[in-house]
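[1] Got a predicted structure here, sequence first:
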Amino acid sequence: MKLHLNIADKDSWLSNKIPCVISGPCSVESEEQVIQTAKEITKANQVSILRGGIWKPRTRPNSFEGVGADGLKWLKNAGIEVGLPVATEVANAQHVDECLKNNIDMLWIGARTTVNPFSVQEIADALKGVDIPVFVKNPITPDINLWVGALERINAAGINKLAAIHRGFSSFDKSSYRNTPMWEIPIELKLMCPKIPLFCDPSHITGDKELIPYIAQKAMDLDMEGLMIESHINPKEAKSDAKQQLTPTELELLLSKLVIREKHSESEDFINKLEQLRSVIDALDEELINKFSSRMAIIEKIGEYKYKNNVTILQLERWERILANRTFLAEKVGLSDDFIKKMLEIIHQESIRIQTKVMNK
Ligand code: PEP
Ligand code: MN
């Protein structure tokens, strides 16, 4: 399905640097903090947009919830000082009004808002007749239609300077990431709407500054336009997301090390496509690993349960039923019988090994 959005050419409103970098603190904390951060991160001329969160509804109450509207002036002044447009997150109509009053240059809709069409519509209504760029983060749940729906609502309000930000998805599975990337979803968005500039936010995907370079490079290899990366003059003292914010020096180093591949030469095009497919494979493998981890955790529980009830590990009937059912399912989706049997055998062996360990502990 192709999306029919009315999108302005990105060169008309976004810097043509590749990547186009949005950086700045997770939260605006003080005038001093935002201005110092802005000055330091713009020294190497790699950053195109200054970000700062003003309203920070956290997952649970009673933690830092942002400085509120006062911070808009600090953010705007910092932008003027370094000559950059500034962007902040809006979650309701009142936020939009405050931002417009304070000449904030660009807005973004956060993951917790994209998930709620009521809120998105409220923001869209507040934006009617206004010409301001809007970035839409993916919803926290891996539902591409909510993402697409939010883009459509904002676009229908007349906003055509529109971009999407991929920040990963909440997952119940154990994961190395704060928000699993599920790269297949932004790739799908790009297929549905090739014209939409696509940014990646490695800070909120990883939740950990050590993993940011890997994800940022992957985003570049997936041909994304830009990056949103949180930076802070003194991350250790940050009032929100301290573990994932980079110092200005770390940001500069990361950006200078990124490999930017050519899009246009014949052979590079081939490499890029190959890279895209491999990234999907990487994501799927990560998913498989997490699924295996969840499965083995259940196996451990089963081992304990059998031990308490004095029942043997091997239950032949159950194993036969698993083999029959899984090969049936696999055949339906075009997987070879041989492959699925081998894989089940390896999994079964490992399950037996884990249960044996549990029984003998
Ligand atoms: C943020 O960018 O500070 C933020 C809260 O992001 P997200 O909506 O992706 O959680
Ligand atoms: Mn943050």
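    Arrived safely, thanks for sending. What you are looking at is a predicted structure, and each value in this text was computed from that prediction instead of being measured. Ligands and ions are numbered 1, 2, ... in the order given.

[2] Can you point out the buried residues in stretch 337-347?
    Buried residues in stretch 337-347, defined by neighbour count with 16 or more other C-beta atoms under 10 Å: 340, 344, 347. (Each C-beta comes from the backbone N, C-alpha and C, glycine too.)

[3] Then stretch 91-99?
    91, 93, 95, 96, 98, 99.

[4] Ok, stretch 257-270 next?
    residue 258.

[5] And the contacts of that stretch?
    The contact list for stretch 257-270 (C-beta atoms under 8 Å, 6 or more residues apart in numbering) reads 18, 19, 213, 216, 217, 220, 221, 223, 271, 272, 275.

[6] quick check, nearest of the buried residues of stretch 337-347 to residue 229?
    For the buried residues of stretch 337-347, the minimum distance to residue 229 (C-beta to C-beta) is 38.7 Å, reached by residue 347.

[7] dump the residue contacts of that closest one.
    292, 295.

[8] Begin at 18, not 1, for the rest of this chat.
    New numbering, starting at 18: the last item is residue 364.

[9] Ramachandran coordinates for it?
    In terms of degrees, to the nearest 10, the main-chain angles of residue 364 are phi -60, psi -40.

[10] Quick check: pLDDT value at it.
    On the pLDDT scale, residue 364 is placed at 96.

[11] how distant is stretch 273-287 from the center of its chain?
    23 Å (C-alpha atoms, centre = their mean, to the nearest Å).

[12] Could you do stretch 197-212 as well?
    For stretch 197-212, the distance to the chain centre is 11 Å (C-alpha atoms, centre = their mean).

[13] same deal with stretch 190-197?
    In terms of C-alpha atoms, centre = their mean, the centre of stretch 190-197 is set 11 Å apart from its chain centre.

[14] Pull the residues that contact it.
    For stretch 190-197, using C-beta under 8 Å, 6+ apart, the contacting residues are 128, 157, 159, 184-188, 221-225, 228, 261, 303-304, 307-308, 310-311.

[15] thinking again about what came up before, which of the buried residues of stretch 354-364 lies closest to residue 85?
    residue 364 (52.4 Å).

[16] Run through the residues that contact the residue of the chain positioned farthest from its centre.
    Distance to the chain centre peaks in the chain at residue 327, reaching 46.4 Å (criterion: C-alpha atoms, centre = their mean). Contacts of residue 327 were listed using C-beta under 8 Å, 6+ apart, and none were found.

[17] Strands along the stretch 168-317 of the chain, start to end?
    Here the stretch 168-317 of the chain has its strands, by DSSP state E, counting those that start in this stretch, at 179-183, 215-217, 243-247.

[18] Thanks a lot, catch you later.
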